[in-house]
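In: Mind folding the following:
(one chain, ligands or ions: 1)
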Amino acid sequence: SSDVTAHREIAEERERLLAQRQQQVDRLRELDAMKDDLMAMASHELRSPIGVIRSYAEMLREAPGLPAELRAFIEVIDRKSDHLQELVDDLLDLARLESGRVSVDARTVWLTRLVRQAVDEHRAAAQAKRIDLTADLPHHLHVHADPVRLRQVMDNLLSNAIKYTPDGGAVTVTAGHDGGPDAGAEPGGGDGRDGTVAVTVADSGIGIPADQYEQLFSRFFRASTARQAGIKGTGLGLAITKAIVEAHGGTVTAAPRAGGGTAFTVRLPADPSAPH
Ligand code: ADP
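Out: Predicted structure coming up:
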């Protein structure tokens, strides 16, 4: 009957559309991979010429009898090429992380100690801005993570907190076993039975407009508050942070802090073998 024919036609049309959709998805994946390769290649190729510029600038700076004016120019070259180097390193790191080519060397990490060390190393930067930097951490906190990568995450969050907090503000680090994804912004509130550890870096800084939280972890994104305050940056740090945390099977989120400022929370799998 015509009913059966109509059915078959609809089914065929559906098949055709699905195949077309799949082709588009494949093409987008391919383009995405090409873009990642290009980014990785470009940053890799930029590394060696930048290295050459830096070493010549270094040598010139040390040259005896150099007029003060020239010395000032060379210092600019030195500073800018350092910055360029950092940018290229970040881009390369991000490209590698996002392509999944980075192996996470996860093991039992004593998180309490790692976070304390990171906090201690940021103390001078905080003091220079009279920022009250405090950490409130339980002694026995372990995660399953790559210590070098985890340290990179903590350094990123701490340096951002200090950078985006005006003089005289406060930065607080807290951590604890998490009560699960619904435990809210309060780390350490849960009983730890779900095996997640949360670390929060909260600051009393310039904050992020509510409608911009969603874009925060995209590469090159910079919030309007940061731009308006004239604070320099590349918008790569949080993209790198997110890629690292996700490579560990964790999550990173940002939320407004009560009383102004921002709170970033990283959640990672707890180490099942470690004592609680
Ligand atoms: P960068 O700091 O180099 O701009 P990031 O990727 O680390 O890049 O951060 C992206 C953006 O997120 C920043 O430009 C800033 O707008 C916002 N941001 C990050 N951390 C904070 C913070 N603690 N307080 C306010 N804004 C922040």
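In: Just the closest residue of this protein to the ligand, please.
Out: With CB to the nearest ligand atom, the shortest gap between the chain and the ligand falls at Gly233, namely 2.3 Å. Yep, even glycine has a C-beta here, placed from its N, CA and C like the rest.
In: In this structure Ala118 contacts Met154, no?
Out: Yes. Counting by CB atoms under 8 Å, Ala118 does reach Met154; the two are 4.0 Å apart.
In: Just to be sure, Ala255 is in a strand?
Out: Yes. Ala255: assigned to a strand according to DSSP: H, G, I helix; E, B strand; the rest coil.
In: count of neighbours near it?
Out: Counted with other CB atoms under 10 Å, the neighbours of Ala255 add up to 15.
In: Give the helix, strand or coil label for the closest residue to it other than its chain neighbours.
Out: Once flanking residues are discounted, Ala255 sits nearest to Ala263: 5.3 Å by CB to CB, 6 or more residues apart in numbering. Three-state call for Ala263 (three-state DSSP): strand.
In: List the residues that contact Ala263.
Out: Applying CB atoms under 8 Å, 6 or more residues apart in numbering to Ala263 gives the contacts Ala185, Thr200, Val201, Ala202, Asp203, Ala254, Ala255, Pro256, Arg257.
In: Flag the shaky bits of this structure, pLDDT-wise.
Out: In the predicted model of the chain, residues 179-194, 274-276 satisfy pLDDT under 70.
In: and the stretch 101-250 of the chain, which residues reach the ligand?
Out: Applying CB under 6 Å from any ligand atom, we find that the stretch 101-250 of the chain lies next to the ligand at 160-161, 164, 203, 205-208, 216, 221-223, 226, 233-239.
In: just the buried members of the contacts of Ala263?
Out: Thr200, Val201, Ala202, Asp203, Ala254, Arg257 (16 or more other CB atoms under 10 Å).
In: I figured the fourth one hits Ala161, correct?
Out: I take that to be Asp203. Yes. Using CB under 8 Å, Asp203 is in contact with Ala161, at 4.0 Å.
In: and which of the contacts of Ala263 is nearest to Lys80?
Out: Asp203 (28.6 Å; CB to CB).
In: re the thing from before, quick one: common contacting residues for Asp203 and Ala161?
Out: With CB under 8 Å, 6+ apart as the test, Asp203 and Ala161 both reach Val171, Thr262.
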